[in-house]
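Student: predicted model follows, preceded by the sequence.
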Amino acid sequence: MKKNFIVSIMCLIGLTFSLGSVRNASAAELNAVNYTAEDILAAQQEIQETLNTYSLEKGNVVIFDSLKFDINQTKIVTKNELENEKQAVIKSLKQQVDSTTIELSKEENSSGLIQPMDIAKDGSTYVAKVNCAIPAIGWGHINQDFSAKISSSKVNQLSLLGGSYKSGITLSSWSGIRSWTTISTNKKYIQVRMKGTLSYIFKGSNIDAVQTYLATGKTSGNSLVSALYTEWPG
């Protein structure tokens with residue numbers, strides 16, 4: 001029995017965030033200590049390490065594989081401004097981690113409604129959705145289609161159908177790198193990972209973050225339903 005599924009990430013990500021302050025240079029600011037390239041690299045490393053530690057505490061649904069902290073040097077000039085921007089970025093991306101949830105569910109093409117526990121019939125389409133949000137304007141999805149062969153409540157085969165792709169209205173950009181699947185040793189659980197670069201626009205900086213999103217599912221009869229990362233048996 002072969003079933004088609006969709007993995008989807010929904011993100012609310014805005015044009016800009018009110019991070020840092022609009023700067024009117026004063027004599028005191030001009031005399032302040034400017035930051036160096038090493039300071040930017042140190043801030044970049046701290047952002048990545050902080051977010052990965054925080055995500056692990058929240059269930060490890062996203063991994064920040066690498067991160068580029070690109071400063072707008074016309075808006076961020078002093079070390080104090082760099083520190084404020086770094087903390088604002090960390091705070092906003094923690095909000096994304098906080099709001100991230102996962103579900104694997106049947107997609108009803110006729111109504112668009114999600115029925116998480118529906119038993120799939122042959123050819124049914126599912127959506128495994130990773131929902132994440134940063135309070136702002138704009139939203140979108142990152143999707144990964146795949147098919148599954150299930151019999152006797154065991155997953156015998158998973159096949160990716162193309163690569164990950166963006167849909168919906170979003171004010172950040174996604175560039176897929178690769179996707180891959182895993183079947184547990186008992187063949188009762190599956191994981192779908194999507195790796196790509198997600199770009200954010202902040203008030204005084206841009207972030208290009210290579211992230212890996214994880215969706216976990218388990219069999220229910222001869223269908224798949226959502227599961228927690230912590231349920232994974234190995």
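Tutor: Looks like it came in fine.
Student: okay, the lengthiest strand in the chain in CSV with CA atoms only?
Tutor: As assigned by DSSP state E, the longest strand anywhere in the chain is strand 205-220. This file holds the C-alpha atoms of strand 205-220, laid out as CSV (Å, rounded to 0.1, in the frame of the first residue of the first chain):
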residue,chain,number,x,y,z
SER,A,205,21.4,43.2,10.5
ASN,A,206,20.5,40.2,8.3
ILE,A,207,20.7,36.6,9.4
ASP,A,208,21.4,33.7,7.0
ALA,A,209,20.8,30.6,9.1
VAL,A,210,21.4,27.0,7.8
GLN,A,211,18.7,25.1,9.6
THR,A,212,17.5,21.5,9.7
TYR,A,213,13.9,21.0,10.6
LEU,A,214,12.7,17.6,11.9
ALA,A,215,9.3,16.0,11.6
THR,A,216,8.6,12.7,13.4
GLY,A,217,5.7,10.3,12.6
LYS,A,218,4.6,6.9,13.7
THR,A,219,2.3,4.2,12.3
SER,A,220,-1.3,3.9,13.3
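Student: and the next element down the chain from that strand?
Tutor: strand 223-226 (DSSP states H and E).
Student: same for that following strand, what does it pack against?
Tutor: strand 2-12, strand 101-107, strand 125-133, strand 140-151, strand 205-220 (3 or more Cβ pairs under 8 Å, 6 or more residues apart in numbering; DSSP states H and E). Backbone N, C-alpha and C define where each C-beta goes, glycine included.
Student: paired strands for the longest one, with orientation please.
Tutor: Strand pairing for strand 205-220, using DSSP bridges, gives strand 62-71 (antiparallel), strand 189-201 (antiparallel), strand 223-226 (antiparallel).
Student: please apply the same query to the fourth one.
Tutor: Strand 140-151 pairs in its sheet with strand 2-12 (antiparallel), strand 154-160 (antiparallel), strand 165-167 (antiparallel), by DSSP bridges.
Student: please enumerate residues in contact with stretch 155-167?
Tutor: For stretch 155-167, the surrounding residues in contact (Cβ atoms under 8 Å, 6 or more residues apart in numbering) are 4, 7-8, 140-150, 173-174, 176, 178-181, 183, 187-190, 192, 194, 196, 219, 224.
Student: now the residues you listed: which count as buried?
Tutor: Neighbour-count burial (16 or more other Cβ atoms under 10 Å) applied to those gives 4, 7-8, 140-146, 148, 150, 174, 176, 179, 181, 183, 188-190, 192, 194, 196, 219, 224.
Student: where does the prediction get shaky in the protein?
Tutor: 1-32, 101-141, 167-172, 234 (pLDDT under 70).
Student: so which of the strands paired with strand 205-220 comes closest to Asn80?
Tutor: Shortest distance between Asn80 and the strands paired with strand 205-220, using Cβ to Cβ, is found for strand 62-71: 13.5 Å.
Student: residues touching the closest one, excluding its own?
Tutor: By Cβ under 8 Å, 6+ apart, the list of residues contacting strand 62-71 reads 40, 43-44, 47-48, 51-52, 55, 82, 85-86, 89, 96-97, 100, 130, 132, 195, 204-214.
Student: may I have it as CSV, with CA atoms only?
Tutor: C-alpha atoms of strand 62-71 as CSV (Å, rounded to 0.1, in the frame of the first residue of the first chain):
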residue,chain,number,x,y,z
VAL,A,62,15.3,22.6,14.6
ILE,A,63,19.1,22.6,14.5
PHE,A,64,21.0,25.8,13.6
ASP,A,65,23.8,24.1,11.6
SER,A,66,25.5,27.4,10.8
LEU,A,67,24.7,31.1,10.9
LYS,A,68,25.9,34.3,9.3
PHE,A,69,25.4,37.5,11.2
ASP,A,70,25.6,40.3,8.6
ILE,A,71,25.8,43.7,10.2
